[in-house]
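Chemist: With the input below, show me the fold.
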Amino acid sequence: MKKLILSAAILLGGLSMQAENVVVTSSMVQSVNVQDEYKEVDAVPAAIKTALDNAYPGVKLEKAYVNEKKEYKIEITVRGEKSTVYTDATGNILKK
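Modeler: Numbers count the residues shown, from 1 in each chain. So this is what the prediction gives:
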């Protein structure tokens, strides 16, 4: 009888659930967009027009914006495709 009770206790002990701590990890991606304040201008310097004509034959200037650093954001159309180009005041094309 003692063996039967001992075997039942061992069997029930083996079937019992084991408690475990669950670690929940959540990953959060936060992106910050830094945008320079551009203000629309009516005309751009001649050096920028010349640089754009050399870089993109047949370019048409749609809109132009300038920020405090004298960097220009220019919306252009080349062969029916619209694009945005960033330049400095001397006409050097910037990569952004």
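Chemist: Tell me which stretches of this structure form strands.
Modeler: Secondary structure of the chain by DSSP state E: the strands cover 39-41, 59-66, 71-78, 81-88, 93-94.
Chemist: other SSEs contacting the first one?
Modeler: Going back to what we said before, that points to strand 39-41. strand 59-66 (3 or more Cβ pairs under 8 Å, 6 or more residues apart in numbering; DSSP states H and E). Glycine gets a C-beta too; all of them are placed from N, C-alpha and C.
Chemist: The strands of the chain: which one's closest to M1?
Modeler: strand 81-88 (88.6 Å; Cβ to Cβ).
Chemist: Now do the closest one: everything it contacts.
Modeler: For strand 81-88, contacts defined as Cβ atoms under 8 Å, 6 or more residues apart in numbering pick out 48, 51-52, 56, 62, 70-77, 93-96.
Chemist: Just the buried ones from those?
Modeler: By neighbour count, with 16 or more other Cβ atoms under 10 Å, those hold I48, A51, L52, Y56, E71, Y72, K73, I74, I76 as buried.
Chemist: nearest spatial neighbour of L52, skipping sequence neighbours?
Modeler: Leaving aside its chain neighbours, L52 sits nearest to V59 (5.0 Å; criterion: Cβ to Cβ, 6 or more residues apart in numbering).
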